[in-house]
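Enquirer: Next one to model:
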Amino acid sequence: MTILYYEPLLQEDINWGTGLATKRNPGGGVLVGHQVGLQSFSVGQSYIEVTWDPPSVLSLSVATTTVAVPGAVAQDMVLASFSVALGGLLMFAQVTASNVVTVTIFNPTGAAINIGSGLLRVIVLRAGD
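Expert: Predicted coordinates for the structure are as follows:
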């Protein structure tokens, strides 16, 4: 398991998760707006990255894996991505126990799909306190 940190989009210290952004509009003028970064709501402001080689998923079947995410609790929201094209599979992720995220891939097609090994990334977002 690898824990990687990402940079805030504004490249500023945005302690409370918001910041005022001013950008030059390519069409002329200046765009000004408030921006909220995901890092403001994520558990530990990081994502977890693990290698996963899901088995071949039969038609109308699923494959699952679990990822340890320190601090994750049941009401939190989860974002997940896979470094390999899913080839028609649908991916879902949820906190299924304290500190545990379960990632599920579902095959809605009429044939088995084997996507091979890749990097699974998970970000857990705090639902609110």
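Enquirer: Any stretches of the protein with poor pLDDT?
Expert: The model of the chain has pLDDT under 70 over residues 1-27, 31-46, 127-129.
Enquirer: Going along the chain, name the helices of it.
Expert: Here the chain has no helices by DSSP state H.
Enquirer: next one: phi and psi at residue 70?
Expert: Note on residue 70: its backbone torsions stand at phi -60, psi 130 [degrees, to the nearest 10].
Enquirer: how much space between it and residue 97?
Expert: Residue 70 is 12 Å from residue 97, where distance means CB to CB, to the nearest Å. Using the backbone N, CA and C atoms, a C-beta is placed for each residue, glycine as well.
Enquirer: distance of the closest residue to residue 116 other than its chain neighbours from residue 119?
Expert: In space, and not counting its chain neighbours, residue 116 is closest to residue 84: 5.8 Å by CB to CB, 6 or more residues apart in numbering. Distance, residue 84 to residue 119, by CB to CB: 8 Å.
Enquirer: follow-up on the earlier one: number of nearby residues for the residue nearest to residue 116?
Expert: Other residues lying near residue 84 total 14 when counted by other CB atoms under 10 Å.
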